[in-house]
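1. Can you look at this prediction? I've put the sequence above it.
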Amino acid sequence: MSTGAGSVVGRLRQGMAEGVLSFPLTSFHGDGSLDLDGFRTHVAAQVDAGPGALFPACGTGEFFSLDEDEYRQVVAAAVEVAAGRVPVVAGTGYGWAQAARFARIAEDAGADALLVLPHYLVAAPESGLVAQLEQIAARTRLPLIAYQRGQVAFTGAGLRQIARIPGVIGLKDGHSDLDRLQRLTLAAPEGFLFFNGASTAEIQARAYATVGVPAYSSAVHAFAPEIAGAFHAALRDGDGGTVEKLLRDFYVPFVELRDRVPGYAVSLVKAAARLRGQSVGPVRAPLVDPSAADLADLTPLLTAGLDLVGAAL
């Protein structure tokens, strides 16, 4: 592991222990064009809330809808606003050749590391998943975190292989298969990073912690860092009553609303941010913004969640 990668690992490990991982939204104008001023304002609020790290241009940030120039602007703006206060881990993905292009852009923009999102369309054997990471790692100086979700899943043997790739420092898990995840953590070398990347990860945060993965990403942090922070503090402090109240009265109803329509894991988060006055704009196709009926259910739910932690809409 290079000295630079080691420094990033240390900062990420400390951040994961101290706060949730923020995945900011990418702001668009009503016509779908990039709203960089809105994005900067949103990121500033995210960083001020004290997350463990910032992950711009990833799934919640609609990486899949950004062209290379927009991606460059988004990552550069996130780095500028973060100003070294938290590590900035940019998303990259598709096939390795395109992922390497995004990696070079992120490197030039000043990102600290990369989250390698699942590749596009085709299923592949584990040997190919390992080769994908090898190809990307060979073309960037930035440390890589692999993201297993959908068609990407590693065995213990595969995990040992990717952990030996220079620059690969960790794994984000979105499968929520705790048997598999426990095997992966036991197969990993000392110091390899893991975090819970399930949709609305708070729902499963206690379960992940039992297999040694307490760190998690939080989409809720993108629109209600007060709720996300209160939940994280209660979980850290062993305040089971507060954890269960927030799960029962906010997180579970939010997940039930999120599950009504494919893509609401992003578009409902954006809608909630707009309800709080944030200039994040609409989602880009193929995602769709929530219907009027779903917004009518979101508004009182958001108010109730904020009331639970003493924050205002």
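-> In hand now; what should we look at? Numbering: from 1, shown residues only.

2. For the host helix or strand of residue 14, what is the distance to the chain centroid?
-> Assessed by DSSP states H and E, residue 14 sits inside helix 3-18. In terms of CA atoms, centre = their mean, to the nearest Å, the centre of helix 3-18 is set 16 Å apart from its chain centre.

3. got a list of contacts for that helix?
-> Applying CB atoms under 8 Å, 6 or more residues apart in numbering, the external contacts of helix 3-18 come out as 1, 21, 50-53, 86-87, 89, 112-113, 141, 143, 167, 169-170, 191, 193, 195, 214-215. (Glycine included, C-beta is placed from N, CA and C.)

4. Which residue ranges of the stretch 201-313 of the chain form strands?
-> For the stretch 201-313 of the chain, the strands defined by DSSP state E, counting those that start in this stretch occupy 217-218.

5. about what we covered before: okay, the helix holding residue 14 in PDB with CA atoms only?
-> The C-alpha trace of helix 3-18 is given here as PDB (Å, rounded to 0.1, in the frame of the first residue of the first chain):
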ATOM      1  CA  THR A   3       1.900   6.100   1.600                       C
ATOM      2  CA  GLY A   4      -0.900   8.100   0.000                       C
ATOM      3  CA  ALA A   5      -3.300   5.200   0.200                       C
ATOM      4  CA  GLY A   6      -2.300   4.600   3.800                       C
ATOM      5  CA  SER A   7      -3.100   8.200   4.700                       C
ATOM      6  CA  VAL A   8      -6.500   7.900   3.000                       C
ATOM      7  CA  VAL A   9      -7.300   4.700   4.800                       C
ATOM      8  CA  GLY A  10      -6.500   6.300   8.100                       C
ATOM      9  CA  ARG A  11      -8.700   9.300   7.500                       C
ATOM     10  CA  LEU A  12     -11.500   7.100   6.200                       C
ATOM     11  CA  ARG A  13     -11.300   4.700   9.200                       C
ATOM     12  CA  GLN A  14     -11.400   7.600  11.600                       C
ATOM     13  CA  GLY A  15     -14.300   9.200   9.700                       C
ATOM     14  CA  MET A  16     -16.300   5.900   9.700                       C
ATOM     15  CA  ALA A  17     -15.900   5.700  13.400                       C
ATOM     16  CA  GLU A  18     -17.100   9.200  14.100                       C
END
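
6. Quick one: residues contacting residue 114.
-> Residue 114 makes contacts with 89, 90, 91, 92, 103, 106, 136, 140, 142, 143, 144, 145, as judged by CB under 8 Å, 6+ apart.

7. Correct me if wrong: the second one contacts residue 54.
-> The reference is to residue 90. No. The pair residue 90 and residue 54 fails to qualify as a contact (CB atoms under 8 Å) at a distance of 9.3 Å.

8. the more surrounded of these two?
-> In this view residue 90 and residue 54 are compared by other CB atoms under 10 Å, and residue 90 has more residues nearby, 30 against 26.

9. The helix or strand hosting the more buried one: what's the following helix or strand?
-> Assigned by DSSP H and E, residue 90 falls within strand 89-92. Counting by DSSP H and E, the next helix or strand C-terminal to strand 89-92 is helix 96-109.

10. List the buried residues for that following helix?
-> 96, 99, 100, 102, 103, 104, 105, 106, 107, 109 (16 or more other CB atoms under 10 Å).

11. Sounds good, over and out.
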